[in-house]
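J.: My questions concern the predicted model and sequence given below.
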Number of protein chains: 2
Amino acid sequence: MIEIEALFRITYGLFIVSSGDRTRGNGFISNTVFQVTSAPPQFVVCCNKSNYTAGVIERSGVFSVSILEKETAPEILGRFGFKSGKDFDKLEGMSVKYGQTDVPIVLNAAIAFLECKVVSTIDVGTHLMFVGELIQAALLDSTKEPLTYLYYREVKKGTAPKNAPTYIDKSRLEKQKTADTFKKYRCNACGYVYNEENENVKFSELPDNWTCPICGSEKSDFTEV
Amino acid sequence: MIEIEALFRITYGLFIVSSGDRTRGNGFISNTVFQVTSAPPQFVVCCNKSNYTAGVIERSGVFSVSILEKETAPEILGRFGFKSGKDFDKLEGMSVKYGQTDVPIVLNAAIAFLECKVVSTIDVGTHLMFVGELIQAALLDSTKEPLTYLYYREVKKGTAPKNAPTYIDKSRLEKQKTADTFKKYRCNACGYVYNEENENVKFSELPDNWTCPICGSEKSDFTEV
């Protein structure tokens, strides 16, 4: 028996993991960044093989981690979390610094960053784990708290993108609940689900200028689940 | 340049990772537990090679994760975090359930638990990463919040044991600060440091029945740093 709610009790942060160089880079939202050794300091990031950034990390051998602040704008989460760098340059128009290895580091909404050089890559099935040795770490804003996955889920009502390690197939989750008469509407752009039961407002009654709280898509971009 | 304070912005939970069987088991406090894939659900735990539990996981091929509640008693953190199972049976007197694989699962202070079977082991230097496939997950208490490493550090004033991936050599940290006239006292049992500068009370002025907030050791068990 696997109770999916139990898995949501594991605490994670939220980060933009970036890779590439000065000519072309990309980044994605990750909740899977953690230190694995202290001497030398090594960090692991976990990345779906079908993520555009996975290939970029493999080719460049470097990655950066931007630690996001608690009140990160939904547009940043939408841009890096629910859209693919295959289709457009996610870094265009962003505030980007280049590290000692020329890896791009996204500064928007970042309270600190790490720069790492890949020392090994581990295949764990659908995902790759990149082990990186830390070459730079900087604190940018000591006054702000980091964004946690729990806060993102509960307060921001965010969901995990399909490629995330913590992605939950909602149809499985629903089977564990009793049927209800409320409806749900999913954002076609980012996957965010508006659940009438939690919001106490019918989707049809939301104003026409209402937008997705995660990625800013318009009301017409939602489909009933 | 590595600013150590930047590393403290990475969000972690706190867990008891246990292993073994019905006759002999052991567990330790870890902040490094995370999901790496969702299909199938796989989780990684990271363990110092010199930790007694590392050998137990290697031999038994199973581990459990108890997700700790926010107000976990210092005695639990001291027992599992700062003492070695080489010297005594940490599970004795604890509330323990045995999983489908007979792995012990510590229930004290747990709001949820996972049971995993090791599918691969990765050597990352001082530590081993065990990748486990999830075979059971249960929510025990949905009313309580999980304990985070940040809360433990800031509110409980806890430090990382020497074997933790996030252990910080305080002598390095001190070099980044200016010298001060306040004194520090370290708990011989758990490594917790009482810093007069932060507490605004001289250590010598603390009452004689004052005990270590982490592991409950007596005042006489502290040594000036």
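T.: Great, that's in hand. Residues are numbered from 1 along each chain as shown, chains lettered A, B, ... in the order given.

J.: in terms of contact, does A:F80 touch A:I16 like I think?
T.: Yes: counting by CB atoms under 8 Å, A:F80 does reach A:I16; the two are 5.2 Å apart. To be clear about C-beta, it is placed using only N, CA and C from the backbone, and glycine gets the same treatment.

J.: Mind listing the shared neighbours of the two?
T.: Counting by CB atoms under 8 Å, 6 or more residues apart in numbering or on different chains, the contacts common to A:F80 and A:I16 are A:G27, A:F28, A:I29, A:V106.

J.: so which of these comes closest to chain B?
T.: A:I29 (13.8 Å; CB to the nearest CB).

J.: So which bits of the helix or strand in which the closest one is found are buried?
T.: For A:I29, the host element (DSSP states H and E) is strand A:25-30. Across strand A:25-30, burial judged by 16 or more other CB atoms under 10 Å in any protein chain shown covers A:G25, A:N26, A:G27, A:F28, A:I29, A:S30.

J.: Can you give me the neighbour number for A:K49?
T.: A:K49: 14 surrounding residues under other CB atoms under 10 Å in any protein chain shown.

J.: what's the answer for A:F88, then?
T.: 11.

J.: what's the residue nearest the centre of chain A in contact with, if anything?
T.: Central residue of chain A (CA atoms, centre = their mean): A:I29, 2.4 Å from the mean position. Contacts were defined as CB under 8 Å, 6+ apart; by that measure A:I29 touches A:L14, A:F15, A:I16, A:V17, A:L77, A:F80, A:G81, A:P161.

J.: residues near the spatially closest residue to A:A189 that is not a sequence neighbour, how many?
T.: Sequence neighbours aside, A:S217 is the residue nearest to A:A189 in space, at 4.3 Å (criterion: CB to CB, 6 or more residues apart in numbering or on different chains). By other CB under 10 Å, the residues close to A:S217 number 18.

J.: any idea how far A:S217 is from A:E224?
T.: Distance from A:S217 to A:E224, counting by CB to CB, to the nearest Å: 15 Å.

J.: what does A:C187 give?
T.: For A:C187 relative to A:E224 (CB to CB), the value is 12 Å.

J.: Which one of these two is surrounded by more residues?
T.: Remark: of A:C187 and A:E224, A:C187 carries more neighbours, 24 against 9, as counted by other CB under 10 Å.

J.: Just say helix, strand or coil for the residue of chain A positioned farthest from its centre.
T.: The C-alpha centroid of chain A is most remote from A:T181, which lies 31.1 Å away (CA atoms, centre = their mean). In terms of secondary structure, A:T181 is coil; the call rests on DSSP: H, G, I helix; E, B strand; the rest coil.

J.: So which of the contacts of A:I29 are in helices?
T.: A:L77, A:F80, A:G81 (DSSP state H).

J.: residues touching A:N26, list them.
T.: A:S18, A:S19, A:G20, A:Y52, A:T53, A:V56, A:G85, A:D89, A:K90, A:L91.

J.: again with A:L140
T.: A:L107, A:A110, A:I111, A:A112, A:F113.

J.: In terms of helices and strands, where is A:V56?
T.: Assessed by DSSP H and E, A:V56 sits inside helix A:52-60.

J.: Contacts for that helix, please.
T.: Against helix A:52-60 from outside (CB under 8 Å, 6+ apart): A:17-21, A:24-28, A:45, A:47-48, A:63, A:84-86, A:103, A:118, A:121, A:128, A:130.

J.: again, but for stretch A:202-213
T.: A:74, A:78, A:156-157, A:183, A:185, A:187, A:189-190, A:192, A:194, A:196, A:217-219, A:221-222.

J.: low pLDDT regions in chain A?
T.: Applying pLDDT under 70 to chain A flags residues A:156-158, A:169-180.

J.: and the nearest residue to A:I2 once chain neighbours are set aside, helix, strand or coil?
T.: Distances taken as CB to CB, 6+ apart put B:A137 closest to A:I2, at 4.7 Å, once the chain neighbours are dropped. The three-state assignment at B:A137 reads strand, by three-state DSSP.

J.: since we're on B:A137, how many residues are nearby?
T.: Neighbour tally, B:A137, other CB under 10 Å: 23.

J.: That one reaches A:F8, doesn't it?
T.: No: counting by CB under 8 Å, A:F8 is not a contact partner of B:A137; they are 10.1 Å apart.

J.: Find the nearest non-adjacent residue to A:A112, please.
T.: Leaving aside its sequence neighbours, A:A112 is closest to B:A6 (3.9 Å, by CB to CB, 6+ apart).
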